[in-house]
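Visitor: any chance you could fold what I've pasted below:
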Amino acid sequence: MMHKSLIALFIASFMLWPLGDAQAADKTAILKLSVPTSTVTQGNQVTVSLSLLPGGQAVIGTQVTLYFSSTLTYQSFDGAGSIFDTEIDVPTVNGNTLSFSRVAMNTSYVGTEGLIGKITFVANEPGAGDITIQEATTQVKADSDLTNILQSTQSAHTTISAPTVTTTVTPTPTPTATPTASISPAATSTPKASPKATTTSQIVVAVTASSKATPSETPLTTTTPSTESSPEALIDITPTPNPIQSSVPTSAERSRARSFAIALVVLGACGTIVSLLYLRGSHV
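Guide: Numbers count the residues shown, from 1 in each chain. Next up is the predicted model:
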């Protein structure tokens, strides 16, 4: 019952007492802001933790005013796990300031360091993101006499960087060389002389039973190589011997044949003369 009365007095002190203490008191409490990272990308969230170091004294509540840079936008307050479990003044934003009040309803806090709450901001533009505690309008109340025992504060700082623009470069296709068909010269055939049949006339003396011997011409075919090109390349043609050519008489045979022919002619002439003389004698 007495603790609840102190809380009611604590609330009244925020409304009626001027900020600061009229009499000297041991100021041992430290309010500390911290961020998990010193750099954040534009568009991402920044969560700041607000903690209390009471310096060995029992505390019952706090009234806090924060200032944040214009590069940040307030989003939310999370009091889960706070050493001051009851919200007296809801978080209120006025320009670039945020104010709220919280107290411990059941028991005061005595410890080394306790979490008051987590404040989330959004990094809305590149630059410095600073969050500071305005000491002139911030108090930490002791449980014993509700005096302000705030000694100092620690600010938080983060750097907001512009998002990295990823440019996708489409590679220019490299033309692929098209193989060109090459025409190799075809093998040429060397024409070879082909035999060409030519006709050679040879006189053969034929002996008949008549009184006259008439020479006749018998065509004799011999094969003479020709220089004309054959349509078939690289064909070796060996001339075939002419059977007529193999039967041609030799010069001795031709001489005997002439002598025999002449003898026959002479005999024939003599026979003719004898016949004429016989005929003439018979007419006489």
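Visitor: give me the secondary structure label for residue 178.
Guide: Put simply, residue 178 is coil when judged by DSSP: H, G, I helix; E, B strand; the rest coil.
Visitor: report pLDDT for it.
Guide: With respect to pLDDT, residue 178 has a value of 71.
Visitor: okay, now it: neighbour count?
Guide: Here the number of neighbours of residue 178 (other Cβ atoms under 10 Å) works out to 5. All C-beta spots, glycine's among them, are computed from the backbone N, C-alpha and C.
Visitor: please apply the same query to residue 257.
Guide: Neighbours around residue 257, by other Cβ under 10 Å: 15.
Visitor: low-confidence ranges, the stretch 1-150 of the chain, go.
Guide: Along the stretch 1-150 of the chain, the model assigns pLDDT under 70 to residues 1-25.
Visitor: tell me where it has helices.
Guide: Shown for the stretch 1-150 of the chain, the helices assigned by DSSP state H, counting those that start in this stretch span residues 2-16.
Visitor: which residues touch residue 160?
Guide: By Cβ atoms under 8 Å, 6 or more residues apart in numbering, the residues touching residue 160 are 39-42, 71-72, 123, 125-129.
Visitor: kindly report the same for residue 34.
Guide: With Cβ under 8 Å, 6+ apart, residue 34 has these contacts: 48-49, 51, 154, 156.
Visitor: tell me which of these is nearest to residue 146?
Guide: residue 51 (21.3 Å; Cβ to Cβ).
Visitor: looking at it, the closest one is touching residue 113, isn't it?
Guide: Yes - using Cβ atoms under 8 Å, residue 51 makes contact with residue 113 at a distance of 5.5 Å.
Visitor: these two: which is more packed in?
Guide: Between residue 51 and residue 113, residue 51 has the larger neighbour count (other Cβ under 10 Å), namely 17 against 11.
Visitor: let me know how buried the nearest residue to that one once chain neighbours are set aside is, in neighbour terms.
Guide: Nearest non-adjacent residue to residue 51, counting by Cβ to Cβ, 6 or more residues apart in numbering: residue 32, 4.8 Å away. By other Cβ under 10 Å, 17 other residues sit near residue 32.
Visitor: residue 64 is in contact with residue 32, correct?
Guide: No - here residue 32 lies out of contact with residue 64, judged by Cβ under 8 Å, at a distance of 11.7 Å.
Visitor: shared neighbours, those two?
Guide: Common neighbours of residue 32 and residue 64 (Cβ under 8 Å, 6+ apart) are residue 50.
Visitor: circling back: find residues that contact each of residue 51 and residue 113.
Guide: Counting by Cβ under 8 Å, 6+ apart, the residues touching both residue 51 and residue 113 are residue 32.
Visitor: ok, residue 178 to residue 172 distance?
Guide: Distance, residue 178 to residue 172, by Cβ to Cβ, to the nearest Å: 18 Å.
Visitor: need the contact list for residue 53.
Guide: 29-32, 112-113 are the contacts of residue 53 under Cβ under 8 Å, 6+ apart.
Visitor: ok, those vs residue 58, which is closest?
Guide: Nearest member of the contacts of residue 53 to residue 58, counting by Cβ to Cβ, is residue 29, at 10.7 Å.
Visitor: so what's the closest one bridging to?
Guide: Counting by DSSP bridges, residue 29 is bridged to residue 150.
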